[in-house]
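Participant: Below are the sequence and a predicted model; questions follow.
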Amino acid sequence: MPEITPALVTALSPADPSAAVAHFESVLAFETDCWDVHHDVTTGTADFVLLDVRSPELHAAGHLPHAVNLPHARITQRNLAEYPADTVIGGVEGWKDEGFDLVTERTWISPTGRSLVRVVAPTLG
């Protein structure tokens, strides 16, 4: 008879409900939800800076609308000083999991070299 391997998920006892509430309240004090970010970005009520900490190549391939690219390796106290203290560092995969679109940006310099044309277009995630 084959040996039955116990499930890993149920191998640990569930947390006490009051401990679970305290945990998730603590997490929400430091993180936000993709739906809330999406709402604020799409309604123009965003009062935060959204940092994309991935490489410039991944940012160019698709990122959250209005995200500023600051690669993880370049995050320093000096570089963060130009952003408000309530900067939101977001996750692209969570954004895509919620069904929200990514965007790409392309910038062209006009023939006169004076003006920039910036096009933001949705990508297929």
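Facilitator: Nice, thanks for sending it over.

Participant: Sort out which residues of the longest helix along the chain are buried, please.
Facilitator: Within the chain, and with DSSP state H defining each element, the longest helix by residue count is helix 17-28. Within helix 17-28, no residue counts as buried by 16 or more other Cβ atoms under 10 Å. Yep, even glycine has a C-beta here, placed from its N, CA and C like the rest.

Participant: ok, residues contacting that helix?
Facilitator: Applying Cβ atoms under 8 Å, 6 or more residues apart in numbering, the set of residues contacting helix 17-28 from outside is 14-15.

Participant: Let me see the mean pLDDT of it.
Facilitator: For helix 17-28, mean pLDDT rounds to 87.

Participant: Using PDB, list the CA coordinates for that helix.
Facilitator: Presented in PDB, the C-alpha positions along helix 17-28 are these (Å, rounded to 0.1, in the frame of the first residue of the first chain):
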ATOM      1  CA  PRO A  17      -8.300  34.500  14.800                       C
ATOM      2  CA  SER A  18      -7.200  37.500  16.900                       C
ATOM      3  CA  ALA A  19      -3.600  36.900  15.900                       C
ATOM      4  CA  ALA A  20      -4.700  36.700  12.200                       C
ATOM      5  CA  VAL A  21      -6.600  40.000  12.500                       C
ATOM      6  CA  ALA A  22      -3.500  41.700  14.200                       C
ATOM      7  CA  HIS A  23      -1.300  40.300  11.400                       C
ATOM      8  CA  PHE A  24      -3.400  41.600   8.500                       C
ATOM      9  CA  GLU A  25      -4.000  45.000  10.200                       C
ATOM     10  CA  SER A  26      -0.200  45.300  10.500                       C
ATOM     11  CA  VAL A  27       0.400  44.300   6.900                       C
ATOM     12  CA  LEU A  28      -2.100  46.900   5.700                       C
END
